[in-house]
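S.K.: Build me a structure from this.
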Amino acid sequence: MNFLWVALGGAIGSMLRYGCTLGVSALRCDSHLATLIVNVVGSFLIGIVIANGGKTSWTAFASVGFCGGFTTFSTFSSQNVTLLQDGHIGQALAYISITLVLCLLATFAGMACRRIH
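M.R.: Predicted structure coming up:
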């Protein structure tokens, strides 16, 4: 049953993210603003969900589903906060650095593949 809750939350989060992008575009602002907004809001929301804890259908809907559909950055943020709170500063910094570098390289690689075709 949790799979259905995750799917529903993901659909809602994805649609809301798309709506935010359209809204920012309608204001003739840079699309990076929409990404920044959803990443910050998603990180804030997943913090609320984590703070309330529990392994319930609501948690699956809100964290994996909604926040995951709205932005995966919220999950990345929460994982790093947990590492830092647990005193794993080096591991958190490595995770942040590796993720940032690899994601940027993957984006460049994906763009390069488009040019080949």
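S.K.: Can you show me the helices along this protein?
M.R.: Assigned by DSSP state H, the chain shows helices spanning 2-26, 31-52, 57-59, 68-70, 73-85, 89-116.
S.K.: Just send the ones you listed back as a markdown table, with mean pLDDT too.
M.R.: Putting these into a markdown table (pLDDT from 0 to 100) gives the following:
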| stretch | mean pLDDT |
| --- | --- |
| helix 2-26 | 95 |
| helix 31-52 | 88 |
| helix 57-59 | 92 |
| helix 68-70 | 94 |
| helix 73-85 | 90 |
| helix 89-116 | 89 |
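S.K.: for the ones you listed, which one ends up most surrounded?
M.R.: Among these, helix 68-70 has the highest mean neighbour count (mean count of other Cβ atoms under 10 Å), at a mean of 22. C-beta here means a position set from N, CA and C on the backbone, and glycine is covered the same way.
S.K.: ok, so what distance separates residue 11 from residue 39?
M.R.: 19 Å (Cβ to Cβ, to the nearest Å).
S.K.: should've said residue 27
M.R.: 18 Å.
S.K.: For residue 26, see how far away the residue sitting nearest the centre point of the chain is.
M.R.: Central residue of the chain (Cα atoms, centre = their mean): residue 72, 2.1 Å from the mean position. According to Cβ to Cβ, residue 72 and residue 26 sit 25 Å apart.
S.K.: How about residue 33?
M.R.: Counting by Cβ to Cβ, the gap from residue 33 to residue 26 is 12 Å.
S.K.: Ok, residue 86 next?
M.R.: 42 Å.
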